[in-house]
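K.L.:
mind looking at a prediction? Sequence and model below.
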Amino acid sequence: MNMNYPTTTESPRVPVLRRGYAVLSLLLGLLLVLSATATPAFPLTEESRENLAVFAEALGIVEDNYVEPRDIKKLIYGAIRGMVSSLDSHSAFMAPEEFKELQIETKGSFSGIGIEITLKDNLLIVVSPIEGTPAYRAGLQAGDRIIKIDGQSTKKMSLLDAVRKIRGAKGSAVTLTIMRENVDKPKTFTLVREIIPIRSVRVRHFDDGIGYIRITNFQDKTDHDLQQAIKDLNTKFKPLRGLILDLRNDPGGLLDQAIKVADEFLTSGLIVYTEGRNKAQTNRFYAQDSGSELEKSIPLVILINEGSASASEIVAGAMQDRKRATLVGTKTFGKGSVQSIVPLEDGSALRLTTAYYYTPSGRVINEKGIQPDLLVEMPAIPEGKTVKDLRQEALERRMKGEDLADKAWTVPISAAELEKDPQLARALQVLRQGMAAKTSEAKR
């Protein structure tokens, strides 16, 4: 059984799990990628063997007697899905294509043409081309409707299938046929795939030397991109006076990246620890005093909400416990469990909850979340509108390049943008008040 998956760069110390597995890297939602040092035996109890006999009997009956033939692998996959999903809401079975997609999402790059796409009214729509990519250079635009991929109609095509067809080996070509508003005939684009970076750090600023950095999820290079963003802001303002770190709607990611991001702002001490059924799952992670002196001392406010989960909760919890930052927003999601990814022989994998993680003060995050220091709710849904309506409006803003984090980092955040985001407005107020208080105290 070949399970030699690459580790993340500079990953935390590698604990050894029971039955010959070693933790190699941490994936989306604090997932541990496991690699076998030898083919594991997985001994079964007598009770397990007896019940497997019942399962085999039931499978045989379905195979021989069901009204229509069924793919046996699909039946077995379905049975595994049911078993694992019955454990908790975060454990799951992933078919080979699902496992591959997970690995791509956390790698920080992929081979493709550089467009974000979505399904809207069952139509495949370009949300935006990524600047500097083949799609951007060829002139694809937000709102373009993709009607064919390599000559195949996208009608009834799922979003995942479309993504798979557009992605491919570096140097290979893909042809998209698109319809554009106010254009009578379809346009055809043949694009050569390149390695496309996935941005997890987005930057803006305010005119008075305060930076705004949003982390969308924690990937391989998030800490590096964060350092570069702070460096760019500091070069612009000489020096950067304060920072708002936006972790709202950040679903999580690599544990080692969460630790490194927290470490950027801490000089020493515990960041997070995990405890599980096996001793190998009990680990403590400390700040290493890496990063610049500016990062360690800069006034910091962190934005959180109910969409902040997993790795983002680790950063928020550590900063709050260590009194390094003020948290503004609403309570976080409460996803405080570690999922181990166990690759299986055929390329599928199990995602299994194996531990819980805790803030430095010992707070349990799972199902409880992190409470903000300052509770600031977003405006209620307007009468006559639904959550779906608001999501659609947000999508349209992104397609027009009007989303807060999608504008060029050199463009300062305007008063109009601030007015639409009361949580950001409050965070800015807190930061400015704190900076003014420190300045006043220094003058005494």
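P.N.:
Looks like it arrived, so ask away. If you're wondering where the values come from, they're calculated on a predicted model, not measured in any experiment.
K.L.:
so residue 195 belongs to a strand, correct?
P.N.:
Yes: assessed with DSSP: H, G, I helix; E, B strand; the rest coil, residue 195 lies in a strand.
K.L.:
what sits opposite it in the beta ladder?
P.N.:
residue 111 (DSSP bridges).
K.L.:
count of neighbours near it?
P.N.:
Neighbourhood size, residue 195 [other C-beta atoms under 10 Å]: 11. (Each C-beta comes from the backbone N, C-alpha and C, glycine too.)
K.L.:
find me the pLDDT at it, would you?
P.N.:
We have a pLDDT of 88 for residue 195.
K.L.:
for the closest residue to residue 377 other than its chain neighbours, give me its contacts.
P.N.:
Residue nearest to residue 377 in three dimensions, not counting chain neighbours: residue 330, with 6.2 Å by C-beta to C-beta, 6 or more residues apart in numbering. Contact analysis of residue 330 by C-beta atoms under 8 Å, 6 or more residues apart in numbering lists 304-306, 372, 375-378, 423.
K.L.:
restricted to helices, list these.
P.N.:
Judged by DSSP state H, helices contain the following of the contacts of residue 330: residue 423.
K.L.:
can you flag the buried ones in the contacts of residue 330?
P.N.:
Among the contacts of residue 330, those buried by neighbour count (16 or more other C-beta atoms under 10 Å) are 304-305, 372, 376, 423.
K.L.:
right, and the pair among those residues with maximum separation?
P.N.:
Within those, two members stand farthest from each other by C-beta to C-beta: 304 and 376, at 10.2 Å.
K.L.:
shared neighbours, these two?
P.N.:
With C-beta under 8 Å, 6+ apart as the test, residue 304 and residue 376 both reach 328-330.
K.L.:
inside helices: which ones of the residues you listed?
P.N.:
Per DSSP H, the shared contacts of residue 304 and residue 376 never map to helices.
K.L.:
now those residues in JSON lines, with pLDDT and distance to residue 289?
P.N.:
Output for these, formatted as JSON lines (pLDDT from 0 to 100; distance: C-beta to C-beta, whole Å):
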{"residue": "328", "pLDDT": "98", "distance to residue 289": "27"}
{"residue": "329", "pLDDT": "97", "distance to residue 289": "29"}
{"residue": "330", "pLDDT": "96", "distance to residue 289": "32"}
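K.L.:
from those residues, which single one is nearest residue 231?
P.N.:
Among these, and counting by C-beta to C-beta, the member closest to residue 231 is residue 328, at 24.8 Å.
K.L.:
report the contact partners of that closest one.
P.N.:
301-304, 372-374, 376, 423, 426-427, 430.
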